[in-house]
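A.B. asks: fold the stuff below for me.
(one chain, ligands or ions: 1)
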Amino acid sequence: MSDQPVRAAFDWLQAHEQQDRDRLAKLVAIPSVSSDPASAEAVREAVEWVAAELRRIGFADVTVYETPLHPAVTARLASPIAGAPTVLVYGHVDVQPVEPVAEWASPPFTVTERDAKLFGRGVTDDKGQLLMHLRSVEALLATAGGPPVNLVVLVDAEEEIGSPSLPALLADNPWLGEVDLVVVSDSPMLGINMPAVGYSLRGLVYAEVTVSALAGDLHSGQFGGAVPNAAAVLAELVAGLHDADGRVAVEGFYDDAAAADDAERAMLADLPFDERTWLDGIGARCGTGEAGYSALERTWIRPTLEVNGIVSGHTGPGPKTIVPARATAKLSMRLIADQDPHRVGQRVVDHLMGSAPESVDITADYAVSSRAVSTPRDHPSTAVAAEALAAAFGRTAYLIRDGGTIPAVALLQSAFGLDTLLLGLGCPDENKHAPNEWLPLDHFRLGPRALVLLWHGLGGGLR
Ligand SMILES: [Zn+2]
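C.D. replies: Modelled structure (predicted):
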């Protein structure tokens with residue numbers, strides 16, 4: 001590969017930075033919260049916006065695929081180089097809710113620059129990262145007639161709710177499986193300007209438990225102390241989900257979990273990750289969790305169970321002296337290799353049902369998002385990606401896992417047997433899913449350069 005096409009694409013990206021920032025601002029301004037039924041029109045608008053953008057750039061066969069919920073987009077672009085490998089790029093345009101809005105330092109749907117960072121819902125998850133891919137392609141179309149790989153693009157608008165329509169979309173579009181590799185940029189690097197290639201994602205199961213103790217809320221003076229209190233019962237159930245060593249106390253929870261391998265634990269221990277700095281960055285006094293594992297190990301190579309929220313009784317301002325009749329907790333479990341999400345979900349439900357006192361009624365249910373997935377650490381695309389990232393960022397690229405979940409990665413693997421290169425371009429403390437989501441301006445600038453280099457590397461060597 002000569003340097004010339006790469007240089008020209010870099011120059012083009014630099015010259016068009018303002019246009020690219022304007023486009024990100026437009027996409028972020030569309031409040032495409034997929035979990036909120038009231039935002040369905042906005043989700044469709046984001047999908048149509050991306051479809052129009054793909055057509056403007058020069059993609060062919062841009063198709064909006066209708067589903068029972070939110071539409072998706074597929075498109076393709078042929079490389080000018082005959083016999084080039086084909087890469088499927090997956091991204092999503094839906095976002096998480098922005099509540100609590102009062103905690104945002106700037107309006108969530110307005111991209112705002114502060115401290116060399118871009119703030120706004122979706123700047124990193126995943127609108128900003130998806131646009132980095134489109135920018136890299138546009139630069140290569142403008143300067144070299146196209147990328148040195150054939151591209152297939154799949155844009156989801158249901159990722160944040162578990163991609164429920166994706167299995168049907170893949171079944172209806174078997175051509176999406178006729179690719180050599182999947183590339184997904186929807187995860188963090190190791191830190192600001194600390195590039196990394198991911199090789200594993202955890203799985204995800206949700207659960208919800210409701211305790212019903214009374215026909216309705218009661219006066220705490222006339223009834224309190226003599227009747228079951230749903231909030232107190234639920235608190236005890238939730239507290240019983242972990243033991244004193246921070247292990248999940250659900251029988252069989254760890255049964256199928258793959259044991260950590262020593263070589264990998266040594267590699268993780270060598271990563272330039274400082275737990276104290278990480279904790280300070282998120283405002284935590286200390287780390288907690290399963291005894292015997294580091295913070296990275298707890299979030300990357302071990303399964304976990306979190307309480308996502310508890311609702312019961314009076315939560316408004318001022319006192320209201322009641323005995324709550326009902327209480328609900330939302331839980332989620334992140335899984336590792338070899339754990340079957342259905343088995344884990346059922347075990348958690350059984351544990352909750354079996355732990356409730358006779359004084360209350362309890363209902364519990366689970367819903368599966370995805371099993372865990374990984375790509376072999378020696379996959380040929382990993383070295384190519386590490387080289388591309390290192391050249392674009394001027395820093396060594398590390399090999400990392402991600403504790404999060406992208407359902408599409410598991411679905412593409414089970415539907416078509418495809419491996420995925422996890423080329424995350426965000427940051428671990430980027431506040432994704434939380435107020436003040438941000439993306440480093442450096443990543444906004446250098447991410448598309450890394451992708452230009454990736455397409456060149458894969459074009460020369462994937463087959
Ligand atoms: Zn995402």
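
A.B. asks: residues contacting residue 335?
C.D. replies: Counting by CB atoms under 8 Å, 6 or more residues apart in numbering, residue 335 touches 202-205, 257, 303, 341, 344, 371-372. C-beta: built from backbone N, CA, C; applies to glycine.

A.B. asks: at 6 Å what do you get?
C.D. replies: Applying CB atoms under 6 Å, 6 or more residues apart in numbering, we find residue 335 in contact with 202-203, 303, 372.

A.B. asks: spell out which residues of the stretch 151-300 of the chain are next to the ion.
C.D. replies: Residues of the stretch 151-300 of the chain found near the ion (CB under 5 Å from the ion) are residue 186.

A.B. asks: tell me which residue in the stretch 151-300 of the chain sits closest to the ion.
C.D. replies: Per CB to the ion, residue 186 is where the stretch 151-300 of the chain lies closest to the ion, at 4.2 Å.

A.B. asks: residues contacting that residue?
C.D. replies: Contacts for residue 186 were tallied using CB under 6 Å, 6+ apart; they are 126, 129, 406.

A.B. asks: now flag whichever of those is closest to the ion.
C.D. replies: Within the contacts of residue 186, proximity to the ion (CB to the ion) peaks at residue 126, which comes in at 4.0 Å.

A.B. asks: all the strands of the stretch 201-350 of the chain, residue numbers only.
C.D. replies: Ranges of strands within the stretch 201-350 of the chain are 203-212, 218-219, 304-312, 322-323, 326-335, based on DSSP state E, counting those that start in this stretch.

A.B. asks: dump these to a markdown table, plus mean pLDDT.
C.D. replies: Shown next, in a markdown table, are the strands of the stretch 201-350 of the chain (pLDDT from 0 to 100):
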| stretch | mean pLDDT |
| --- | --- |
| strand 203-212 | 97 |
| strand 218-219 | 98 |
| strand 304-312 | 97 |
| strand 322-323 | 98 |
| strand 326-335 | 98 |
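
A.B. asks: got those strands as a markdown table, with distance to residue 153 columns?
C.D. replies: As requested, the strands of the stretch 201-350 of the chain are exported to a markdown table (distance: least, CB to CB, whole Å):
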| stretch | distance to residue 153 |
| --- | --- |
| strand 203-212 | 24 |
| strand 218-219 | 57 |
| strand 304-312 | 32 |
| strand 322-323 | 53 |
| strand 326-335 | 28 |
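
A.B. asks: among those strands, which comes closest to residue 434?
C.D. replies: Closest to residue 434 of those, according to CB to CB: strand 304-312, at 12.6 Å.

A.B. asks: which SSE is residue 73 in?
C.D. replies: strand 72-77 (DSSP states H and E).

A.B. asks: can you list the low-confidence ranges for the stretch 1-150 of the chain?
C.D. replies: By pLDDT under 70, the low-scoring segments of the stretch 1-150 of the chain are 1-2.

A.B. asks: before we move on, the earlier item: helices or strands next to the strand holding residue 73 in the packing?
C.D. replies: Strand 72-77 sits against helix 40-57, strand 60-65, strand 150-156, with contacts defined as 3 or more CB pairs under 6 Å, 6 or more residues apart in numbering; DSSP states H and E.

A.B. asks: can you list these in a markdown table and add mean neighbour count?
C.D. replies: Output for these, formatted as a markdown table (neighbours: other CB atoms under 10 Å):
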| stretch | mean neighbour count |
| --- | --- |
| helix 40-57 | 19 |
| strand 60-65 | 15 |
| strand 150-156 | 25 |
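
A.B. asks: so which of the ones you listed comes closest to residue 224?
C.D. replies: Nearest to residue 224, of all the helices and strands packed on strand 72-77, is helix 40-57, at 43.4 Å by CB to CB.

A.B. asks: got the angle for the closest one vs strand 150-156?
C.D. replies: Relative orientation of helix 40-57 versus strand 150-156 (axes from the mean of the first three to the mean of the last three CA atoms, to 10 degrees): 170 degrees.
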